[in-house]
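Novice: show me how the following folds:
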Amino acid sequence: MAVSSTTLTSKTPILGQKLYVIIAATLLIVTTILAIIFLCIRRNLNSSKKRMHVAKPVILGKKEETPVVQKDHEAVVKVVSNESGGSTSRSTATSASVGSMEGGGDMGWGRWYGINELEVATSGFAVENVIGEGGYGVVYRGVVRDGSVVAVKNLLNNKGQAEKEFKVEVEAIGKVRHKNLVGLIGFCADGAKRLLVYEYVDNGNLEQWLHGEVGPISPLTWEIRMKIAIGTAKGLAYLHEGLEPKVVHRDVKSSNILLDRKFNAKVSDFGLAKLLGSEKSYVTTRVMGTFGYVSPDYASTGMLNECSDVYSFGVLLMEIVTGRSPVDYSKAPGEMNLVDWFKGMVASRRGEELLDPKISVQPPPRSLKRVLLVCLRCIDMDANKRPKMGQIVHMLEAEDFPFRTEPRPPRDTTSLLSGSDAASKVPSV
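Specialist: Just a heads-up that it's a prediction; the model follows:
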């Protein structure tokens, strides 16, 4: 039955409104409600799809090897993955595509993090979470989804530096595990962003403990300092002698030695590391490192090998003994450079005066002399005469050492030097 125009225009009991007004308002309300329901359902579906996509694991392989070849003075890393009877190889040139992939995958040695997860973990890379900063990036403290505390290194977007550092660390350092090395546990690549995720070491670094405001008496006793020195030497020895290809750190310094609550040393920051293949040395046109720690031979020739790290460790050991920075412009002209001042004090037989005055209990004289001699051997101007890091570990741990504590009595000059006499001809400190 058709509705007459008179009916539509007639007033209704509802607020005295006409019937067509009531019908139009009702249709508008129903349409609005349906539109809202549709939009809510669509948003929920999109969110579910996004979460499912991010959470999908990316398995890169069960077994990986990292052989290295050198070409045009740059390390080219190849990753070989073997899976159930098949194998594939690819150059790190293909790793440039990782920026378009999403995180959340397990790679065997570590985890692939999404940028969103790391932003949440660090509270949006908040300033209050900054725990370190260097030429290659800023390090933040973060807490990831499983509750683990991590150190997130946000690399600078400097092509040719940050990207190379990223590839070297992820492809080659990821599987390196040693109790005296800070472990790389994951990474993130999102467009131009490059981030590395390390284990978190919760007691600061050696530089802070040596040069920070610790009061008139340092918490670092002689025994603790030797524990730190030996742990650092063991970490570097593993990089030099326990890996193939060997790894040269190239930036050994006190701020790169992290400490746990028991003052166990962990060598960090492999951003300046270079991989060495079968050749003994690696030539670079740009000398990198920290002023005061860089060996003269590396600075003058650009020839990089493990001897460069040994020299830097020698400077670090001097820093541990004396409590002085490698370069201190607040000192008198003859004492600004730690190495020159140290050698001058030893040459004038004032080795005991080198000890950090903040050490309350003096070490045994033989222990101090042993460490001073190790320092001198590490900074030998002839790089080939410097000891290996493995030898340094043994020298620091040795209870006996070939040096004299008292002047030898006169002896018959016509007698031949015995083997023990020859061993005793080490310069006294």
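
Novice: what about the stretch 201-350 of the chain, any weak spots by pLDDT?
Specialist: By pLDDT under 70, the low-scoring segments of the stretch 201-350 of the chain are 270-287.

Novice: on the three-state scheme, the spatially closest residue to Ser218 that is not a sequence neighbour is what?
Specialist: Nearest non-adjacent residue to Ser218, counting by CB to CB, 6 or more residues apart in numbering: Lys358, 3.8 Å away. Where you see a C-beta, it was placed from the backbone N, CA and C, and this is true even at glycine. Put simply, Lys358 is coil when judged by DSSP: H, G, I helix; E, B strand; the rest coil.

Novice: same check on the one 4 residues further on?
Specialist: Classification of Gln362 by three-state DSSP places it in coil.

Novice: ok, it touching Asp356?
Specialist: No. Gln362 is not in contact with Asp356 according to CB atoms under 8 Å; the separation is 10.7 Å.

Novice: out of those two, which sits in the busier spot?
Specialist: Comparing Gln362 with Asp356 by other CB atoms under 10 Å, the one with more neighbours is Asp356, at 16 against 11.

Novice: ok, the nearest residue to the more buried one once chain neighbours are set aside - contacts?
Specialist: Of all residues not flanking Asp356 in the chain, Gly323 sits nearest, at 3.2 Å (CB to CB, 6+ apart). Contact analysis of Gly323 by CB atoms under 8 Å, 6 or more residues apart in numbering lists Leu210, His211, Ser218, Asp356, Pro357, Lys358, Ile359.

Novice: give me the element the third one is part of.
Specialist: Assigned by DSSP states H and E, Ser218 falls within no helix or strand.

Novice: just want the phi and psi numbers for it.
Specialist: Ser218 adopts backbone torsions of phi -80, psi 140, taken as degrees, to the nearest 10.

Novice: count of residues packed around it?
Specialist: Neighbour count of Ser218, defined by other CB under 10 Å: 19.

Novice: quick one: mean pLDDT over stretch 394-403.
Specialist: Across stretch 394-403, the average pLDDT comes to 78.

Novice: for this protein, which segments count as helices?
Specialist: Counting by DSSP state H, one finds helices in the chain at the ranges 5-9, 19-55, 115-121, 162-168, 206-211, 222-241, 296-301, 306-322, 338-347, 365-378, 389-397, 419-424.

Novice: for those, which one ends up most surrounded?
Specialist: helix 306-322 (a mean of 25; mean count of other CB atoms under 10 Å).

Novice: that one vs helix 338-347, what angle?
Specialist: In terms of direction (axes from the mean of the first three to the mean of the last three CA atoms, to 10 degrees), helix 306-322 departs from helix 338-347 by 70 degrees.

Novice: show me what helix 306-322 is packed up against.
Specialist: Helices and strands touching helix 306-322, by 3 or more CB pairs under 8 Å, 6 or more residues apart in numbering; DSSP states H and E, are helix 206-211, helix 222-241, strand 247-248, helix 296-301, helix 338-347, helix 365-378, helix 389-397.

Novice: try it again at 6 Å.
Specialist: Judged by 3 or more CB pairs under 6 Å, 6 or more residues apart in numbering; DSSP states H and E, the packing partners of helix 306-322 are helix 222-241, helix 365-378.

Novice: give the closest residue to Val371 in space, chain neighbours not counted.
Specialist: The shortest distance from Val371 to any non-neighbouring residue, by CB to CB, 6+ apart, is to Val321 (6.0 Å).

Novice: just to revisit the earlier point, against Val214, how distant is the residue nearest to Asp356?
Specialist: Distance, Gly323 to Val214, using CB to CB, to the nearest Å: 10 Å.

Novice: good, wrapping up.
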